[in-house]
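# just a sequence and a predicted model for now, questions to come.
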Amino acid sequence: DAGITQSPRYKITETGRQVTLMCHQTWSHSYMFWYRQDLGHGLRLIYYSAAADITDKGEVPDGYVVSRSKTENFPLTLESATRSQTSVYFCASSDSRRSETQYFGPGTRLLVL
Amino acid sequence: QKEVEQDPGPLSVPEGAIVSLNCTYSNSAFQYFMWYRQYSRKGPELLMYTYSSGNKEDGRFTAQVDKSSKYISLFIRDSQPSDSATYLCATAGGTSYGKLTFGQGTILTVHP
């Protein structure tokens, strides 16, 4: 089924471990985004990408790494997970530079113990 | 100060009520204004978007932007229990071109 998918949907990890969250879209959208959603903060942009091999920092990039070797994939890696990274992570994509219409994945709930 | 401020609520209304959701923003360069709806344990989905000032209507939903006061509103007429969700306002434009800035989201419950 076409769309944007994220995996895993739920993840429990321990402090200090490396975790990679996957995002895959089938629309060939140029733009992809990673957000985290926390109570009281809404959605905050972590990283975004305008095309394969082009990425840039968002509002809260510290502790995260992204890559985009293929248009359809945009993995997010937590290099050394911390409790403050416990959150719900959403991936999104857009075919417009204005990005007013972003299509979101179902989210990954991450718990760092 | 956040660039986009939104009252998180929660807001609880009876079925059939008119709902008013509001946001304020600080960056006068913002040109695009969006409302996203997010059901529990789902990703946000675009509900409406408006370019610059003015009103836009789509069925029971009306989006309103007043750039002079930096105020964004979403009105829901004849609210239904299926409208129960979190509503997020978002803006784009200026130096944030290509990126959205979201408000905190307002949790709305419409009870039968």
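Now that the structure is in, tell me what you want to look at.
# wasn't residue A:43 part of a strand?
Yes - judged by DSSP: H, G, I helix; E, B strand; the rest coil, residue A:43 forms part of a strand.
# which residues does it contact?
Residues near residue A:43 by Cβ atoms under 8 Å, 6 or more residues apart in numbering or on different chains: A:35, A:36, A:37, A:90, B:44, B:88, B:100, B:102, B:105. Quick note: C-beta positions are derived from backbone N, CA and C, even for glycine.
# nearest to chain B: which residue in chain A?
residue A:104 (3.2 Å; Cβ to the nearest Cβ).
# OK, contacts around the one residue in chain B that gets nearest to chain A?
Among the residues of chain B, residue B:43 lies closest to chain A, at 3.2 Å counting by Cβ to the nearest Cβ. Contact analysis of residue B:43 by Cβ under 8 Å, 6+ apart lists A:90, A:92, A:104, A:105, A:106, A:107.
# repeat for residue B:49
By Cβ under 8 Å, 6+ apart, residue B:49 lies in contact with A:100, A:101, B:32, B:33, B:34, B:35, B:56, B:63.
# show the buried residues in those.
A:100, A:101, B:32, B:33, B:34, B:35, B:63 (16 or more other Cβ atoms under 10 Å in any protein chain shown).
# now, the contacts of residue B:49 that are in strands?
B:32, B:33, B:34, B:35, B:56, B:63 (DSSP state E).
# out of these, which are close to chain A?
Contacts with chain A within those, counted by Cβ under 8 Å from any Cβ of the partner chain: B:32, B:34.
# my guess is residue B:80 contacts residue B:17, does it?
No - using Cβ atoms under 8 Å, residue B:80 makes no contact with residue B:17, being 10.1 Å away.
# circling back to that earlier point, pLDDT for the contacts of residue A:43 - can I get that in CSV?
Putting those into CSV (pLDDT from 0 to 100) gives the following:
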residue, pLDDT
A:35, 96
A:36, 97
A:37, 96
A:90, 97
B:44, 95
B:88, 96
B:100, 87
B:102, 92
B:105, 93
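# would you mind listing what in chain A touches chain B?
Taking Cβ under 8 Å from any Cβ, the part of chain A that reaches chain B is made up of A:31, A:33, A:35, A:40-45, A:48, A:50, A:58, A:90, A:92, A:97-107.
# of the residues you listed, select the buried ones using a ChimeraX command.
Per 16+ other Cβ under 10 Å, the buried members of the residues of chain A next to chain B correspond to this ChimeraX selection:
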select /A:31,33,35,42,43,44,45,48,50,58,90,92,98,99,100,101,102,103,104,105,107
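# quick one: stretch A:102-111 to chain centroid distance?
In terms of Cα atoms, centre = their mean, to the nearest Å, the centre of stretch A:102-111 is found 7 Å from the chain centre.
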